[in-house]
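K.L.:
3D model of this:
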Amino acid sequence: MLDQLLQDHWLSKTEAQSYLAVLELGTAPVSSIARRTSENRVTIYSALKSLVKKWLATEVNKKNTTYYTVISPEKLLKKSEDKYALLKEALPQFLAIANKYDNKPKVQFFDGIEGLKSIYEEVIVSGKLMSAGEPFLTFVGTSKIDPRFQEYLTKEFVPWRLKYKTKTKVIAAKSTSKYSEYNIKTHDSIVIDDPVFDFANEIIVYGNNKIAILMYTSNELCGLTIESTTLHNGLKSMFNLIRKLSKKGKK
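P.N.:
Numbers count the residues shown, from 1 in each chain. The predicted structure follows:
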């Protein structure tokens, strides 16, 4: 589990195994580390040299033997946080490069429950880059939601979503599902109780030009993310108009 976590943070499999072995041993030569990882010495030596270049390990020669020590988990976390901060700071420059020569809409397709999970992750993470106070705009209807996906939303997504401060405004179709109840009770929501509004999916308008479309009936279970300024602005206008008309109708 820990070696996979390290691999998810830019270390190779052998580097991750070597880091954990040295962390456990304290300070050790290549031979001891190789025995601990059950890898050959040449492979471990190469991995340790790579860790040294990445400033995640140090090496000291004693009596013709090289000993290795790795940085503490606390320092490793600090390095990851620093990298994230630098990447976040440079994100506008990356986006400028990505959009420099291509202003056409971008569409990505995601299949299955895992694909839908990826869309939610993309939406929530993007929320960190949105302007302060800017909400997600969500059309949602859950009358025909797949039971397995409903379970994921209730047990995993909702607790995770509540950790983030980005607000959400919702236009919800009348439904009795747990996910629908969460949206209505937690967010700034209006409920349209009209058979004309037969909605069994979710559309999220977010960022400057992004839309996520999630289809979670059992026979579909797929989704799209779209980058289009005109579509984004059109759906945003439609969302705001519906909410405005709905509030007027309640007076």
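K.L.:
does the residue nearest to residue 91 when sequence neighbours are not counted belong to a helix or a strand, and which?
P.N.:
Once flanking residues are discounted, residue 91 sits nearest to residue 129: 6.9 Å by Cβ to Cβ, 6 or more residues apart in numbering. The way it works is simple: take the backbone N, C-alpha and C, and place the C-beta from them, glycine included. Counting by DSSP states H and E, there is no helix or strand that carries residue 129.
K.L.:
burial of residue 129, as a residue count?
P.N.:
Residue 129 has 15 neighbouring residues, counting by other Cβ atoms under 10 Å.
K.L.:
dump the residue contacts of it.
P.N.:
Residue 129 sits next to 88, 91, 207 when contact means Cβ atoms under 8 Å, 6 or more residues apart in numbering.
K.L.:
so which of the residues you listed is the most crowded?
P.N.:
Counting neighbours by other Cβ under 10 Å, residue 207 comes out on top of the contacts of residue 129 with 19 neighbours.
K.L.:
tell me which residues of the helix or strand bottoming out on mean pLDDT in the chain are tucked away?
P.N.:
For the chain, counting by mean pLDDT, DSSP states H and E, helix 2-7 ranks last in confidence among helices and strands (a mean of 76). Neighbour counts over helix 2-7 (16 or more other Cβ atoms under 10 Å) mark 3, 6 as buried.
K.L.:
can you give me the mean pLDDT across stretch 105-122?
P.N.:
For stretch 105-122, mean pLDDT is 92.
K.L.:
Tabulate the CA atom coordinates of that stretch in PDB.
P.N.:
Output in PDB follows, covering the C-alpha atoms of stretch 105-122 (Å, rounded to 0.1, in the frame of the first residue of the first chain):
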ATOM      1  CA  PRO A 105     -14.300  22.600 -28.000                       C
ATOM      2  CA  LYS A 106     -12.600  19.700 -26.300                       C
ATOM      3  CA  VAL A 107     -14.500  16.600 -25.400                       C
ATOM      4  CA  GLN A 108     -13.500  13.600 -23.200                       C
ATOM      5  CA  PHE A 109     -15.600  10.400 -22.900                       C
ATOM      6  CA  PHE A 110     -15.600   8.300 -19.700                       C
ATOM      7  CA  ASP A 111     -17.100   4.900 -19.400                       C
ATOM      8  CA  GLY A 112     -18.500   2.900 -16.500                       C
ATOM      9  CA  ILE A 113     -18.600   3.700 -12.700                       C
ATOM     10  CA  GLU A 114     -14.900   4.300 -12.600                       C
ATOM     11  CA  GLY A 115     -15.200   6.800 -15.400                       C
ATOM     12  CA  LEU A 116     -17.900   8.600 -13.600                       C
ATOM     13  CA  LYS A 117     -15.700   8.700 -10.500                       C
ATOM     14  CA  SER A 118     -13.000  10.300 -12.600                       C
ATOM     15  CA  ILE A 119     -15.400  13.000 -13.700                       C
ATOM     16  CA  TYR A 120     -16.400  13.900 -10.200                       C
ATOM     17  CA  GLU A 121     -12.700  14.000  -9.200                       C
ATOM     18  CA  GLU A 122     -12.000  16.400 -12.100                       C
END
